[in-house]
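Chemist: Need coordinates for the below:
(chains A and B)
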Amino acid sequence: MPLRLFNTYSRTLEEFHPLDSAGREVKMYTCGPTVYSHAHIGNFRAYLFEDLLQRHLELREFKVRRVMNITDVDDKTIQGSRSAGIPLAEFTSPFKQAFFEDLDTLRIKRADSFPEATDADQIAAMIEMIKTLMARDLAYQAEDKSVYFRINKFPAYGRLAHFDLSELRSTGRVKSDEYDKEHVGDFALWKAWDEEDGPVCWESPWGPGRPGWHIECSAMATQLLGEQLDIHCGGVDNIFPHHEAEIAQTEGCTGKKFVRYWMHCAHLMVDGQKMSKSVGNFYTLRDVLAKGYSGREVRYALMRVHYRAPLNFTWEGMEESRQALGRIDDWLARLREKANGAGASQSTKQGEQFEEGLDDDLNISAALGFLFETIRETNRALDLGSLDAGEASAWLQWWERIDRVLAITGKESALPPEVAVLAEARVQARLAKDWRKSDELRDELAARGWEARDTKDGQKITRRSGV
RNA sequence: GGCGGGGUAGCCAAGUGGUAAGGUCGGGGUCUGCAAAACCUCUAUUCGCGGGUUCGAUUCCCGCCCCCGCCUCCA
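Modeler: Predicted coordinates:
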């Protein structure tokens, strides 16, 4: 079964074939965070979707080269540094660091590079692109000294979003500078310096200022990945104007098709509304961790719903995820015990349905459905004693393969000494048939996050709801 | 108004022109000193509403309703 992905540009499912079919290299660009505060879990939903995509492509033996930008200069970062009374770089630095920590917590693979908007090389690349656009009459400098893209000169503008330019109307959410522009839809390539920018500015052929947000991605993508990308991702809210602008700028410079597959992820919702900083209805990863959930639990919770469907974030959903992961943990523990180091006795071809689910535009629900069916069936066989060590080993091998995509295996943590003491005391209490003491010790263990189970092979101690 | 996404059991969520995966919660059972885990079992005569096509539609077509998003901050 071929790998099929939904392309926003065509609004259809398309078979995926990278430009470099022989080398199997996939060039992937993903819009990253603006580091003016901590990213919220809605942002991470998008990054998790991209991680799932990258990991699945890699499972299918593609070599992914991925770039994610870090926007460290814009209105909000400047405003933040001003109100904090510190230089821009000093203001954004802790948020950059926190972002990378959060990626690790969520087990999101690092991109090959994370270019920053304020890199001198990147600024230079942006200025070069703007020069080209000016030379081609696709851009102009307005009376306010800023440079704008002239969308009327780019007929394809609006094609990605399926917008009719004459229908564009201002929502009034952004400071209106319409009087300086030829068309309301013209967007800034270079923002002329003004007082509010303080010391933040770069020299350019059009005077001091800073780059517009959209040009940043065009410059970084083409510089680091080339003029044509295989996949470009982001949240649906990036479709317009951001990605539309990227197409216009990049293709305006190169004359080549910029992106072959556009992929967008639906929003994370809270109480039926889009999670967003401006509404204030957001949770950062740290907020969720503070409630006692682990990174992999958040990972699972945000990943288990198809990326194109809106996902409502609830604590109930977090609890469901915790339970589901516990089920997987226990299953793996049983398999490991059964396999006991034996070699795999059968091919893992039996598990192909999982990967085929993902081939279908990352249908994670179908894939997980198959996983849980497999868990039930193998558990039943273990109960009946009809699953041998070699088979258990084969299923473990299968798990290792699919977990390259899921990345949700729990870490096996060693028993802390005081827990081991309690556990041993409980074993003794049970030998003495002192049920009362045994139950007390079970409660004590539970209070420390460890669960005691009595099986026919004796007491088992398991970490509950952990990392 | 334009352009999209979604509406399937308490909650989350797959799916197919032929009669509804899976997760979670809850009830019952096996096991257990009691539990836990695991397994078994029950929980949508029904897939937003109304038409149409069809032997048959949740799935195709038409119309409508509701929710969410985008229409120059936004993942």
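Chemist: helices and strands around the host helix or strand of residue A:380, which ones?
Modeler: Using DSSP states H and E, residue A:380 maps to helix A:364-384. In terms of contacts (3 or more C-beta pairs under 8 Å, 6 or more residues apart in numbering; DSSP states H and E), helix A:364-384 is packed against helix A:315-339, helix A:352-359, helix A:389-406. Yep, even glycine has a C-beta here, placed from its N, CA and C like the rest.
Chemist: ok, which residues in the stretch 1-150 of chain A are in contact with RNA strand B?
Modeler: Neighbours of RNA strand B within the stretch 1-150 of chain A, by C-beta under 7 Å from any atom of the strand: A:11, A:31, A:33-34, A:39-40, A:42-43, A:45-46, A:74-76.
Chemist: shouldn't residue A:407 be in contact with residue A:55?
Modeler: Yes. At 7.0 Å, residue A:407 counts as touching residue A:55 under the criterion of C-beta atoms under 8 Å.
Chemist: For the residue in the stretch 201-350 of chain A positioned nearest to RNA strand B, give its distance to residue A:39.
Modeler: Going by C-beta to the nearest atom of the strand, RNA strand B is nearest to residue A:235 of the stretch 201-350 of chain A, at 1.7 Å. Going from residue A:235 to residue A:39 by C-beta to C-beta, to the nearest Å gives 12 Å.
Chemist: Check the gap between residue A:322 and residue A:297 for me.
Modeler: Note on residue A:322: its distance to residue A:297, by C-beta to C-beta, is 5 Å.
Chemist: Tell me the buried residues in the helix holding residue A:380?
Modeler: Within helix A:364-384, the residues scored as buried using 16 or more other C-beta atoms under 10 Å are A:364, A:366-368, A:370-371, A:374-375, A:378-379, A:381-382.
Chemist: And for stretch A:278-286?
Modeler: A:281-285.
Chemist: what comes into contact with that stretch?
Modeler: Residues from elsewhere that reach stretch A:278-286 (C-beta atoms under 8 Å, 6 or more residues apart in numbering): A:38-42, A:44, A:102, A:105-106, A:270-271, A:273, A:275-276, A:295, A:298, A:313.
Chemist: So among those, which ones count as buried?
Modeler: Counted by 16+ other C-beta under 10 Å, the contacts of stretch A:278-286 give A:38-42, A:44, A:102, A:105-106, A:270, A:275-276, A:295, A:298, A:313 as buried.
Chemist: So which of those residues are in strands?
Modeler: The members of the buried ones among the contacts of stretch A:278-286 that map onto strands under DSSP state E are residue A:270.
Chemist: what's residue A:5 sitting at in phi/psi?
Modeler: phi -130, psi 150 (degrees, to the nearest 10).
Chemist: Do I have it right that it meets residue A:12?
Modeler: No. The pair formed by residue A:5 and residue A:12 falls short of the contact definition of C-beta under 8 Å, at 10.0 Å.
Chemist: Residue most distant from the centroid, chain A?
Modeler: residue A:432 (52.7 Å; C-alpha atoms, centre = their mean).
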